[in-house]
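# Generate a structure from the sequence data that follows.
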Amino acid sequence: MKMSSRFIVHGLRLMAVALLLTLTSYSQSDSIAYNIVIHYDSKQQTDKNTFPAAAKYSPFNLQRELKKSLLKLYDQGFVGASFDSISYKQDSAHVYVHPGERYLIKKIDLSSIDPLFLRSAGVREKGFKNIPFNNNVISEVGLSLINYTENHGYPFASVYLDDVVFNNNEVTAKLKMETHQVVKISEIIIHGDAKLNAKYIYNYLAVEPGDIYKEKVIANIDTRLKELPFLTVKNPSAISFTNKGVIIHLFLEHRKASSFNGVVGVLPNANSSANSTGQSSVAFTGDITMHLSNLIKQGEVADLKWRGLPNNTQELDLKLNYPFVISLPIGINAALNLFKQDSSFINYNSSVGVSYLFTGNNYIKAFVNNKGTTVLNAEKNVSIQRNVQNATTSYGIEIYQEQLDYRINPTKGYDFLLTAQAGNKTIAGAGSDGFYNLVVKSNDSVSGFVKIPATSVSYNLTGKADAYFPFFQITTLKLGFQGGWLANPYLFNNDLFRLGGIKTLRGFTDASLYVSKYLIGTAEYRFLLERNSFISLFLDYAYTEKITMTERVIDHPLGFGAGISFETKAGIFSLNYAIGQQLGNPVDFGAAKIHFGFLNQF
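Take a look at the predicted model:
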């Protein structure tokens with residue numbers, strides 16, 4: 001037993017030494033570099049860059065480059081090309097190439113293929129004359145035909161060359177195709193507890209029983225389904241071919257998509273007499289959002305949002321989106337916005353639109369918009385009216401494009417929204433001459449009037465784009481831009497965009513900045529803790545213009561800060577601390593804004 005053990009140990013030692021010598025020998029051989037010398041025994045011209053560039057190559061890299069050269073020769077019609085030999089002399093590798101005959105296509109006969117297939121696939125017989133005969137040419141044509149047929153009911157179509165004749169260096173052949181029997185969708189079966197109307201899913205996926213087989217549609221099913229917020233794709237979809245047609249199996253589970261979102265903001269009380277009157281030194285704002293999705297199983301979405309702002313200012317937002325009306329990729333949209341600025345005025349803004357639906361949430365929409373202002377109380381301590389009662393009817397178009405990996409907390413992708421509208425603005429209280437008398441005051445008494453046209457053209461352009469870039473799997477950089485442009489020669493305070501708050505410009509009170517033009521750039525770096533949890537650092541920088549009948553102010557407001565968002569069983573909580581700076585004033589850390597957020601899906 002001892003002799004046997006000693007023998008085994010000795011044998012293992014010898015194997016280790018042999019392995020070490022082998023590795024050393026391989027390492028030394030691979031470290032040698034050779035200059036390549038090509039010997040080409042043909043008058044046939046080859047394309048540039050067919051052979052490796054003049055340089056030193058290790059044996060491994062030399063073999064790899066020569067294989068690439070051989071494939072390039074095949075592509076040029078040298079179907080019999082080969083390397084006869086390779087000899088090594090000192091630091092040079094001599095490669096002897098035999099390209100053989102270069103074959104050109106004289107004619108490919110396409111007469112046996114349906115002309116409709118050829119036209120649709122972009123295949124023409126003229127395209128096959130005097131070009132190198134190689135596998136790529138035939139495979140590209142075959143793929144074009146197969147791509148067309150498999151998306152028009154023929155998933156088992158095949159393309160092949162027949163009657164190939166080589167005459168000197170010319171090739172003639174026939175291209176043939178077998179389509180087999182047309183295939184249709186016979187049934188779509190949904191496995192799981194997903195709450196869906198069958199007609200909705202047919203419209204959304206653009207496939208239903210009775211349709212011909214389309215490979216692109218079938219291949220895109222899971223991608224399309226993953227974009228729906230109210231379901232989860234538990235397993236990849238599957239198809240089975242039967243005598244009656246194709247059965248599509250979908251494995252879908254219900255997912256919470258409706259949500260309730262509450263936000264509370266804390267900021268210093270802007271009322272200078274707060275301390276003397278016993279009022280609190282801080283003021284609170286509120287933001288409540290309810291998002292209802294797919295409650296009646298039609299993919300519909302309803303949103304309700306209320307905001308309570310400082311100084312008794314409030315805003316109410318209602319939106320409704322109903323997709324696939326009468327089983328078409330058409331949606332109906334309606335929206336209503338009410339904004340009350342303390343006791344000064346109330347703005348209303350309503351719109352109705354029709355949208356054409358693309359992949360996922362992407363759409364293009366045409367709409368009609370009605371908005372206006374009701375002035376509640378006359379302004380005091382102003383030299384000229386800043387708020388004027390008016391109404392505007394406009395027509396517009398909106399485009400939305402989205403490609404995100406996860407809507408709640410994206411780490412990769414982008415979204416883009418652009419809205420443009422134009423219409424006529426009419427000021428109430430105009431005289432019979434078609435002009436409105438704008439009141440001019442002195443010492444709070446009317447001292448005169450400025451005549452302006454009661455009717456004018458108004459243009460409104462807004463846009464928003466965000467992009468998300470993942471880094472190191474646990475961090476994401478968000479870069480975004482949003483802007484707006486309001487064009488009208490007779491603008492007043494109540495006509496303007498309202499900026500400020502977590503949705504537009506952090507570090508400022510919600511709806512506190514009134515502007516006629518703005519552009520905001522955002523950079524936000526997120527450190528991901530979990531799927532719905534992260535810590536962030538952010539910066540918002542804006543260019544704003546406020547140009548009205550009474551004011552002209554250009555500014556570069558800046559907001560920056562940090563935030564955290566974390567998920568619990570009750571929902572997703574968020575906390576943001578932001579500091580704002582504007583009008584060239586120094587940064588005031590005592591005027592920082594704190595926003596608390598809550599998102600609950602049900």
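# Sketch out the low-pLDDT regions of the protein for me.
1-31, 263-285, 360, 381, 383, 442-444, 446, 570, 598-602 (pLDDT under 70).
# Centre of the chain to the biggest strand by length in it, how far?
If you go by DSSP state E, the chain has its longest strand at strand 455-471. Relative to the mean C-alpha coordinate of its chain, strand 455-471 is positioned 15 Å out (CA atoms, centre = their mean, to the nearest Å).
# what's the following helix or strand after that strand?
Using DSSP states H and E, the helix or strand that directly follows strand 455-471 along the chain is strand 475-487.
# Skipping adjacent residues, who's closest to the most centrally placed residue in the chain in space?
Using CA atoms, centre = their mean, the residue of the chain that lies closest to the mean C-alpha position is residue 403, 2.7 Å off. The spatial neighbour of residue 403 that comes closest, neighbours along the chain excluded (CB to CB, 6 or more residues apart in numbering), is residue 413 at 4.7 Å. Using the backbone N, CA and C atoms, a C-beta is placed for each residue, glycine as well.
# Wait, the one you found touches residue 401, no?
No. With contact defined as CB atoms under 8 Å, residue 413 does not reach residue 401; the gap is 10.5 Å.
# list the buried ones in stretch 393-412?
Using 16 or more other CB atoms under 10 Å as the burial criterion, the residues of stretch 393-412 that qualify are 394, 396, 398-404, 409-411.
# Revised request: answer the last question for stretch 224-243.
So, applying 16+ other CB under 10 Å, buried residues of stretch 224-243: 224-225, 227-233, 237.
# before we move on, what about stretch 334-346?
So, applying 16+ other CB under 10 Å, buried residues of stretch 334-346: 335, 337, 339-341, 344-346.
# And the strands in the stretch 1-150 of the chain?
34-40, 56-57, 82-89, 92-98, 104-109, 131-132 (DSSP state E, counting those that start in this stretch).
# for the third one, which positions count as buried?
By neighbour count, with 16+ other CB under 10 Å as the criterion, the buried positions of strand 82-89 are residue 83.
# Only alpha carbons, please: show it as PDB.
This file holds the C-alpha atoms of strand 82-89, laid out as PDB (Å, rounded to 0.1, in the frame of the first residue of the first chain):
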ATOM      1  CA  SER A  82      -7.100  28.800 -50.300                       C
ATOM      2  CA  PHE A  83      -3.700  29.200 -48.700                       C
ATOM      3  CA  ASP A  84      -1.400  26.700 -50.200                       C
ATOM      4  CA  SER A  85       1.300  27.000 -47.600                       C
ATOM      5  CA  ILE A  86       2.800  29.200 -44.800                       C
ATOM      6  CA  SER A  87       6.600  29.200 -44.200                       C
ATOM      7  CA  TYR A  88       8.400  30.900 -41.400                       C
ATOM      8  CA  LYS A  89      11.900  32.400 -42.100                       C
END
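# How far does the helix or strand encompassing residue 222 sit from its chain's centre?
Element membership of residue 222, judged by DSSP H and E, is helix 221-226. From the chain centre to the centre of helix 221-226 is a distance of 15 Å (CA atoms, centre = their mean).
# Adding secondary structure and distance to residue 163, write the buried residues of stretch 334-346 out as TSV.
What follows is the buried residues of stretch 334-346, written out as TSV (DSSP: H, G, I helix; E, B strand; the rest coil; distance: CB to CB, whole Å):
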residue	secondary structure	distance to residue 163
335	strand	66
337	strand	72
339	strand	77
340	strand	82
341	strand	83
344	coil	87
345	strand	84
346	strand	82
